[in-house]
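In: sequence first, predicted model second:
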Amino acid sequence: MKQFGLAVLIVMLITGCSLTREMPPAQSYHLDTATLKPLTAAYCSDRVLRIALIQAPEWMQGTDIYYTGEQNRMYRYTRARWEQTPVSAMQQISEKSVIDSGLFKAVVPYKSLAKNDWLLELRMETMVHHIDAERKGRTELMLYGVLIDQYSRRVIEKKPFRYIDERDTATVQSAVEAWSFETKAFQGDLVNWLKQACNAYPKPERSRVDLR
């Protein structure tokens, strides 16, 4: 009987291990983005823009997808993750959106050796999915942009970009769809903001730039 009981225990352990190994992997998600048409007018065709590395809280620098419940407690989805970190994704999305717009003579990455006229700094403030007591979802995406003149080191423009999407469902899939919708809105708003700055601040003569 002891041998029979031991055999049953071994079978159970083996079966349990097999079930654990056969669990499906975590689902990975990415943000869908918009395809922006190039602007027809030459707004900043005489200027080079450098885009700094996006800053963000530490919890947005990993691939976990977070949500909040009652009393604003934060949790993470255990069976879902990002294909790449939100910071990396937003860096690529921002750079590509500005490049595709054709606004500038050139758009260079932060570590480029090329000289630039303006510096764009972006900071991700939040990217969270809130689930209320009725199991309804609300996603929020917020970034903050600062445009700096490279020569005078002065802030030319600053702008918050905030987007909220409310849905009757509160799943990770609905949250990713909402964030994708908000990201597309950000792409257009970012380009329009930079276009307005180009119109408002013509390129000055280098000799007239106040370097104080």
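Out: That came through fine.
In: run a quick neighbour tally on residue 134.
Out: 7 (other C-beta atoms under 10 Å). Placement of C-beta: from N, CA and C, glycine included.
In: can you classify it by secondary structure?
Out: Put simply, residue 134 is coil when judged by DSSP: H, G, I helix; E, B strand; the rest coil.
In: next: residue 88.
Out: helix.
In: ok, it to residue 33 distance?
Out: Applying C-beta to C-beta, to the nearest Å, the value for residue 88 to residue 33 is 14 Å.
In: OK, contacts around residue 193?
Out: 145, 157, 159 (C-beta atoms under 8 Å, 6 or more residues apart in numbering).
In: which element is it on?
Out: Assigning secondary structure by DSSP states H and E places residue 193 in helix 172-200.
In: buried stuff in that helix?
Out: Residues 172, 174-184, 186-187, 189-191, 193-195, 197-198 are the ones in helix 172-200 that count as buried (16 or more other C-beta atoms under 10 Å).
In: dump the residue contacts of the residue nearest the centre of the chain.
Out: Residue closest to the mean C-alpha point of the chain, counted by C-alpha atoms, centre = their mean, is residue 90 at 3.3 Å. Shown in contact with residue 90 (C-beta under 8 Å, 6+ apart): 54, 122, 124, 143, 183.
In: and these, which is closest to residue 69?
Out: Nearest to residue 69, judged by C-beta to C-beta, of these is residue 124 at 21.9 Å.
In: any idea which element that closest one lies in?
Out: Going by DSSP H and E, residue 124 is part of strand 118-131.
In: tell me the mean pLDDT over the helix holding residue 193?
Out: Taken as a whole, helix 172-200 carries a mean pLDDT of 95.
In: relative to strand 118-131, how tilted is that helix?
Out: 150 degrees (axes from the mean of the first three to the mean of the last three C-alpha atoms, to 10 degrees).
In: what pLDDT is listed against the residue nearest to the centre of the chain?
Out: 97.
In: can I get stretch 172-181 in PDB, CA atoms only?
Out: What follows is stretch 172-181, C-alpha atoms only, in PDB (Å, rounded to 0.1, in the frame of the first residue of the first chain):
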ATOM      1  CA  VAL A 172      -6.700  44.700 -21.000                       C
ATOM      2  CA  GLN A 173      -7.700  44.500 -24.700                       C
ATOM      3  CA  SER A 174     -10.100  47.500 -24.300                       C
ATOM      4  CA  ALA A 175      -7.400  49.400 -22.500                       C
ATOM      5  CA  VAL A 176      -4.800  48.900 -25.300                       C
ATOM      6  CA  GLU A 177      -7.400  49.900 -27.900                       C
ATOM      7  CA  ALA A 178      -8.100  53.100 -25.900                       C
ATOM      8  CA  TRP A 179      -4.400  53.900 -25.500                       C
ATOM      9  CA  SER A 180      -3.900  53.400 -29.200                       C
ATOM     10  CA  PHE A 181      -6.700  55.800 -29.900                       C
END
